[in-house]
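1. just a sequence and a predicted model for now, questions to come.
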Amino acid sequence: MKIAISGKGGVGKTTVSAGIIKYFASKGNQVFAVDADPDISLGTVLGLSDETIDNLKPIVDMREVIAQKTGGDGAFFSLNPDVDDLVEGYVVTKGNIFFLKMGAVKQGGSSCYCRENTVLNALVGSLLIKEKEFVVLDMGAGIEHLTRGTANGVDLMLVVTEPSLVSVQTSRTVKKLANEIGVKNVKFIGNKIRSEKEINFLKTKLPSKDILGFIPFSNEVMEAAMGMNSYEKIPDQLNQIAAEILDAKF
């Protein structure tokens, strides 16, 4: 199963991604965790050291390999590069978790990520090879990844939202664009919930049948985000959501 996790910046999608990845891995599944967010924070939340992450060569920096895989530096290039051999050399393993990072944002005025996104799409497609394997992509904030089709072909899009009008609007836009590129299963996760009123707010603004669950606001998670402690204990509500995804097999 290939899962992309999206949402407005600051809603906690990387924390949710890490929790789902850890749950899947704890159940004996092999999980390819792809940090497709230019901020490159998923590895940290998964417990990898800064040195390990820094020493891992990102996919987007593989200029010569990408050019070779996509047919050179010209205007035309293959849309189906053979990328199976990229996996072994650009992965950090932690238990059942296999971590890959896509790389940081290019400087202003530099070329676009067309080639790199082509390789990312082919890479994600090549990873899903066995029943007990998962590919989880922690996408960049907002909707840019959808407008360029990076999440095309995933089996399930999870949209993390907090109880605010701006976050809900972004979530609706993500669902619309995901449907347009062929993602049929789009589900929502409410995060940073402080009250029943906020749960009711999200239920009135989003299709209730598509909401997988609600995760309460957590001081421990906030402290982990500030580096004050490690993100080890996954909220029960998030574990329940991950379990539902496993059982449903979207």
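-> Arrived safely, thanks for sending.
2. what helix or strand does Asn191 sit in?
-> Using DSSP states H and E, Asn191 sits within strand 186-193.
3. other SSEs contacting that strand?
-> For strand 186-193, the elements it packs on are helix 13-26, strand 156-161, helix 165-180, helix 196-205, strand 211-216, judged by 3 or more CB pairs under 8 Å, 6 or more residues apart in numbering; DSSP states H and E. For the C-beta atoms, the positions are set from N, CA and C on the backbone; glycine is no exception.
4. sheet-wise, list the partners of that strand with their directions.
-> strand 156-161 (parallel), strand 211-216 (parallel) (DSSP bridges).
5. helix 13-26 and that strand, what's the angle between them?
-> Inter-element angle recorded for strand 186-193 and helix 13-26: 110 degrees (by axes from the mean of the first three to the mean of the last three CA atoms, to 10 degrees).
6. got the buried residues for strand 186-193?
-> Of the residues in strand 186-193, 186-193 count as buried by neighbour count, 16 or more other CB atoms under 10 Å.
7. let me know the closest of these to Ser17.
-> Of all those, Ser17 sits closest to Ile189, with 10.5 Å by CB to CB.
8. so what pairs up with that closest one in the strands?
-> Counting by DSSP bridges, Ile189 is bridged to Val160, Gly213.
9. what sits against it?
-> Ile189 makes contact with 16, 158-161, 211-215, 241, according to CB atoms under 8 Å, 6 or more residues apart in numbering.
10. ok, it to Phe214 distance?
-> Here the criterion is CB to CB, to the nearest Å. By it, Ile189 lies 8 Å from Phe214.
11. surely Leu212 touches Val186?
-> No: contact criterion CB atoms under 8 Å: Leu212 and Val186 do not qualify, at 10.8 Å.
12. just the strands paired with strand 186-193: most buried one?
-> A comparison of the strands paired with strand 186-193 by mean neighbour count, using mean count of other CB atoms under 10 Å, puts strand 156-161 on top with a mean of 26.
13. low-scoring stretches of this structure, by residue?
-> 38-40, 60, 62-64, 66-67, 69-89, 103-131, 142-153, 221-232, 249-250 (pLDDT under 70).
14. just the strands from it, written as ranges.
-> 2-7, 30-36, 92-94, 97-101, 133-139, 156-161, 186-193, 211-216 (DSSP state E).
15. for the second one, name the packing helices and strands.
-> I take that to be strand 30-36. So strand 30-36, by 3+ CB pairs under 8 Å, 6+ apart, packs with helix 13-26, helix 42-45, strand 97-101, helix 114-127, strand 133-139.
16. please apply the same query to the third one.
-> The helices and strands touching strand 92-94, judged by 3+ CB pairs under 8 Å, 6+ apart, are strand 97-101.
17. now the strand it packs on - C-alpha only, PDB.
-> Taking Å, rounded to 0.1, in the frame of the first residue of the first chain, the C-alpha atoms of strand 97-101 are listed here in PDB:
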ATOM      1  CA  ILE A  97      11.700   1.200   8.700                       C
ATOM      2  CA  PHE A  98      13.600   2.200   5.500                       C
ATOM      3  CA  PHE A  99      14.100   5.900   5.300                       C
ATOM      4  CA  LEU A 100      14.700   7.900   2.200                       C
ATOM      5  CA  LYS A 101      14.900  11.700   1.800                       C
END
